[in-house]
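Engineer: Make a model of this:
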Amino acid sequence: MSDILVAQRQALLLQELRASGAVRISDLAARFGVSGGTIRRDLAELAAAGRVKKVRGGAVLAEPETGAEAAAAPAPGPTPTPAPPAPGRTLGLLVPSATYYYPQVVAGVRAVAAERGARIVIGLTDYAQPRDLQQIDELRASGVSGLLVASTGGHCPPPETLAQLRDGDIPFVLLERQPENSYEPCEFVVSDHRQGAYGAVRHLRDLGHTRVALYTNGSPTAPLIREGYAAAVTRLGLDPSAPVRDGGRPTLGSAEAARQYDAFIDACLESETRAALIHSDHDAIELMQRMRGRGLRTPEDMALIAYDDEIAALAEVPLTAVAPAKYEIGAQAALLMLARLDSAESMATRQLVMQPRLIIRESCGSPAPAAD
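Structural biologist: Alright, predicted model coming up:
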């Protein structure tokens, strides 16, 4: 594995530590599709650099980072001044991943909770082996006064998950999820991924591309990205014959993943498509490396925009990326919940939709975003 991939993996590892305070070797090895020995070497290198402290089975963050290291931390916004704990204000937080996308969401929740004197109890489910219902029950049993929930599965929570949340006697806010029935009263905070995809395709159109391809990875966000992409192709008058492919969720670095990337590259070359929106950062980076192995350059031969902006800036050619407001999603959800818990009166149902930003870097060949 190349040095750049090692750097990317270690950056993600540090990001998780900043968000959760600790990591387990077994969890990280499964997430990144590498051996436990590889993760141990990463931790050893980070420990030698003074970034982490190794513990049995994993690691914790070393002393608080300063200078450039602190500036690179993924959670934006000011450092909150902790307030004294308040009785009866404990937030239960359920997320499906501790290593990708959700660490910044968790950081936003933690910042608001610290500032408002609330406590957080976290539960982890998993895309491969969902435990949503069990974790909701366990969080309730722990005595939480409100729930912040990002379920596994798609963008819309399964009916049984919503039913279980409604059957309880405590309020809940959905994170990056909303009911399939748009008329159903339910509080949520979500990213407008349709708008994020539309803006990325529009930017490539403004750079002169008449064909823009799309690659997604089978995540809960993928259907929304496809909807925004399709709307952009239609409304902006782009060639609808550009490749659209969902590669599923093969293990990162596996032969199946490589086959999916190669098939997508072949389809782009055959259709003379020279621009693509790729979800996620990992897939965009792997795709770029497969292209390079075939003598193709970014952005000269293929302009790329990644979706998520987790590690896009660390790519060999820094990736222009759609950046959902992950930290703000967590912070706003916590604020909604605490406002409800603190209110002595009945409150209207609140639903917050946040638009992702387009962060311009080198991979699409543009120094600045275009505006309609």
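Engineer: Which residues belonging to stretch 209-218 are considered buried?
Structural biologist: Of all the residues in stretch 209-218, those buried under the rule 16 or more other Cβ atoms under 10 Å are His209, Arg211, Val212, Ala213, Leu214, Tyr215, Thr216, Asn217. Glycine gets a C-beta too; all of them are placed from N, C-alpha and C.
Engineer: Next SSE downstream of the helix or strand where the fifth one lies?
Structural biologist: Under DSSP states H and E, the secondary-structure element containing Leu214 is strand 213-216. Elements were assigned by DSSP H and E; along the chain past strand 213-216, the next helix or strand is helix 222-235.
Engineer: Which neighbouring elements make contact with that next one?
Structural biologist: helix 193-206, strand 213-216, strand 244-246, strand 275-279 (3 or more Cβ pairs under 8 Å, 6 or more residues apart in numbering; DSSP states H and E).
Engineer: Which single one of the buried residues of stretch 209-218 is nearest to Ala276?
Structural biologist: Closest approach between the buried residues of stretch 209-218 and Ala276, by Cβ to Cβ: Ala213, at 4.0 Å.
Engineer: any idea how far Leu236 is from Arg226?
Structural biologist: 16 Å (Cβ to Cβ, to the nearest Å).
Engineer: no wait, Ala59
Structural biologist: Counting by Cβ to Cβ, the gap from Ala59 to Arg226 is 38 Å.
Engineer: and the one residue sitting closest to the centre of the chain, how far is that from Glu362?
Structural biologist: Centroid-nearest residue in the chain, with Cα atoms, centre = their mean: Tyr101, separated by 2.4 Å. As judged by Cβ to Cβ, Tyr101 and Glu362 stand 23 Å apart.
Engineer: How about Ala267, nearest residue that isn't a chain neighbour?
Structural biologist: Pro243 (3.8 Å; Cβ to Cβ, 6 or more residues apart in numbering).
Engineer: quick one: the one you found and Tyr229 touch, right?
Structural biologist: No: using Cβ atoms under 8 Å, Pro243 and Tyr229 do not qualify as a contacting pair, with a distance of 11.5 Å.
Engineer: who has more neighbours, those two?
Structural biologist: Set side by side, Pro243 and Tyr229 show more neighbours around Tyr229, with 24 against 20, by other Cβ atoms under 10 Å.
Engineer: List the buried residues in stretch 167-174.
Structural biologist: Buried residues in stretch 167-174, counted by 16+ other Cβ under 10 Å: Pro171, Phe172, Val173, Leu174.
Engineer: What residues does the first one make contact with?
Structural biologist: By Cβ atoms under 8 Å, 6 or more residues apart in numbering, the contact list for Pro171 reads Gly146, Leu147, Glu187, Met337, Arg340, Leu341.
Engineer: repeat for the second one
Structural biologist: With Cβ under 8 Å, 6+ apart as the criterion, the residues that contact Phe172 are Gly146, Leu147, Leu148, Val149, Leu165, Glu187.
Engineer: and if you look at the last one?
Structural biologist: Residues in contact with Leu174 (Cβ under 8 Å, 6+ apart) are Val149, Ala150, Ser151, Pro157, Cys186, Glu187, Phe188, Val189, Val190.
Engineer: gap between the second one and Leu94?
Structural biologist: Noted for Ala150: a distance of 6 Å to Leu94, by Cβ to Cβ.
Engineer: same thing with the last one?
Structural biologist: When distance is defined by Cβ to Cβ, Val190 is 16 Å away from Leu94.
Engineer: Just want to know which of these two has more residues nearby.
Structural biologist: Between Val190 and Leu94, Leu94 has the larger neighbour count (other Cβ under 10 Å), namely 25 against 19.
Engineer: Tell me who's in contact with Leu148.
Structural biologist: Contacts of Leu148 (Cβ under 8 Å, 6+ apart): Leu91, Gly92, Leu93, Leu94, Val109, Phe172, Val173, Leu175, Gly330, Ala333, Ala334, Met337.
Engineer: rerun that using 7 Å as the cut-off
Structural biologist: Leu91, Leu93, Val109, Val173, Leu175, Ala333, Ala334, Met337 (Cβ atoms under 7 Å, 6 or more residues apart in numbering).
Engineer: What about the second one, how many residues nearby?
Structural biologist: Using other Cβ under 10 Å, Leu93 has 27 other residues around it.
Engineer: Cheers, nothing more for now.
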